[in-house]
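A.B. asks: Give me coordinates for this.
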Amino acid sequence: MKTLHFAVHAREQCEERGATQAEVKQAIEDGVREPAKRGRFIYRLNFQYNAEWQGKFYAIKQVAPVVVEAQNEMIVVTVYTFYF
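C.D. replies: Numbers count the residues shown, from 1 in each chain. Okay, here's the model as predicted:
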C-alpha cells in the first residue's frame, strides 16, 4: 500500500465523527472503492459497532474516508461515518 497521510481536517473529522485512524486505514485496505468528486475516491467499510453513539444504539458503523491518490502516497482529506 502507498504511504498514507491524514490531512488536519481528516484527523479532526475522525474525532468528531467517532472513527479511529486504524478504522480509516482498514477501510482503505479492505473497503469498497468508489469514485468521488474532483478525481478523489471514497472507501466504505462496515464495522460491527453494537454501541451507543450520541445517545442512540447502533449495530453498524460505516467508515468512509475520502482520499486523494498520488503516485507514491494517499492523502485522507476527510472522513465520514454513518451509523445504522
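A.B. asks: Now do the residue nearest to the spatial centre of the chain, the pLDDT please.
C.D. replies: Nearest to the geometric centre of the chain sits P65, at 2.9 Å (CA atoms, centre = their mean). In this prediction, P65 carries a pLDDT score of 98.
A.B. asks: likewise Q71?
C.D. replies: Per-residue confidence at Q71 stands at 88 (pLDDT).
A.B. asks: chain center to stretch 65-73: distance?
C.D. replies: Computed by CA atoms, centre = their mean, to the nearest Å, the separation of stretch 65-73 from the middle of its chain amounts to 13 Å.
A.B. asks: And stretch 53-73, by the same measure?
C.D. replies: On CA atoms, centre = their mean, the centre of stretch 53-73 falls 2 Å from that of its chain.
A.B. asks: Excluding its own residues, what touches stretch 40-50? List them.
C.D. replies: 23, 26-28, 30-36, 57-69, 77, 80, 83 (CB atoms under 8 Å, 6 or more residues apart in numbering). Yep, even glycine has a C-beta here, placed from its N, CA and C like the rest.
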